[in-house]
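Okay, structure incoming, though there's no sequence with it:
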């Protein structure tokens, strides 16, 4: 079993739609969690950290469920510019940052 | 200003010819990472340093080595590149605290001919 897993998609949604991604992790001792965004042929960039209480940044909401060992990302009112690959990243301990397989999002007009 | 700088951006090397990729940072971060990313795949952690402590992933081939001579610089050495080593190599840094995010360089795209 992979340490961090995501549905690879692609998710094809129209502009304005709400879309949700999930990510599961296998190490229950994992310490911190992040969502990164990666555009084609570019480096990953931090979208948001994921806190235990859940957190929101504009149209983006992240949730953490430690009991079930998954994190989620909700994007509301999708824009064309949201088209990218969304990567779940988990600090599994000792500063080891492991990426999930990534979920590709395509937002169409 | 770029905070994590990778050189070169593009590298072409011959099959079997040693190659070194470099990464420097101006953030004074404790942790530096090397990831390999192949087309349509997620970045795969090769190894990371916490200060001078080296942490190698169990499935990283011996062909890949790394050096961190000081806080600011980290190198990835590929001793005998094969065609399967063609990929984007990403360097990242983090402060090292529990909730520390990683900052990435723009990557070096390696082609093996």
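Arrived safely, thanks for sending. On a predicted model such as this, the values are computed, not experimentally measured, just so you know.

Just list whatever residues bridge to residue A:57.
Counting by DSSP bridges, residue A:57 is bridged to residue A:60.

Residue B:66 now?
Bridge pairing for residue B:66 - DSSP bridges - gives residue B:76.

Wait, it touches residue B:79, no?
No: using Cβ atoms under 8 Å, residue B:66 makes no contact with residue B:79, being 11.5 Å away. For glycine as for every other residue, the C-beta is placed from the backbone atoms N, C-alpha and C.

Tell me which of the two has more neighbours.
The residue with more neighbours, out of residue B:66 and residue B:79, is residue B:66; 20 against 14, by other Cβ atoms under 10 Å in any protein chain shown.

That one: what's it in contact with?
B:34, B:46, B:47, B:49, B:54, B:74, B:75, B:76, B:77 (Cβ atoms under 8 Å, 6 or more residues apart in numbering or on different chains).

Are any of the residues you listed buried, and if so which?
B:34, B:46, B:47, B:49, B:74, B:75, B:76 (16 or more other Cβ atoms under 10 Å in any protein chain shown).

Now, the residues you listed that are in helices?
Assignment to helices by DSSP state H places none of the buried ones among the contacts of residue B:66 there.

Skip the chain neighbours and tell me the closest residue to residue A:22.
Spatially, and ignoring its direct neighbours in sequence, residue A:22 is nearest to residue A:72 (5.1 Å; Cβ to Cβ, 6 or more residues apart in numbering or on different chains).

any idea which helix or strand carries the one you found?
Residue A:72 is part of strand A:70-75 when elements are defined by DSSP states H and E.

And the next helix or strand past that strand?
Per DSSP H and E, strand A:70-75 leads on to strand A:84-91 as the next helix or strand towards the C-terminus.

Spatially central residue in chain B, please.
Centroid-nearest residue in chain B: residue B:34, 3.0 Å away (criterion: Cα atoms, centre = their mean).

distance of the residue nearest to that residue when sequence neighbours are not counted from residue B:98?
Using Cβ to Cβ, 6+ apart and skipping the chain neighbours, the partner closest in space to residue B:34 is residue B:46 (4.6 Å). Distance, residue B:46 to residue B:98, by Cβ to Cβ, to the nearest Å: 23 Å.

mean confidence for stretch B:24-42?
Across stretch B:24-42, the average pLDDT comes to 95.

Now do that stretch: distance from first to last residue.
Chord length of stretch B:24-42, first to last residue, is 23 Å (Cα to Cα, to the nearest Å).

in it, what's buried?
B:24, B:25, B:29, B:30, B:31, B:32, B:33, B:34, B:35, B:36, B:37, B:42.

and if you look at stretch A:1-18?
For stretch A:1-18, a neighbour-count test (16+ other Cβ under 10 Å) marks A:3, A:4, A:5, A:6, A:9, A:11, A:13 as buried.

Switch the contacts of residue B:66 over to a markdown table; also include distance to residue B:103.
Shown next, in a markdown table, are the contacts of residue B:66 (distance: Cβ to Cβ, whole Å):
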| residue | distance to residue B:103 |
| --- | --- |
| B:34 | 14 |
| B:46 | 17 |
| B:47 | 17 |
| B:49 | 15 |
| B:54 | 20 |
| B:74 | 13 |
| B:75 | 18 |
| B:76 | 17 |
| B:77 | 23 |
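
Could you identify the most distant pair in those residues?
B:49 and B:77 (14.0 Å; Cβ to Cβ).

Can you name the residues of chain A that neighbour chain B?
A:31-32, A:34, A:41-46, A:49, A:87, A:89, A:91, A:94-102 (Cβ under 8 Å from any Cβ of the partner chain).
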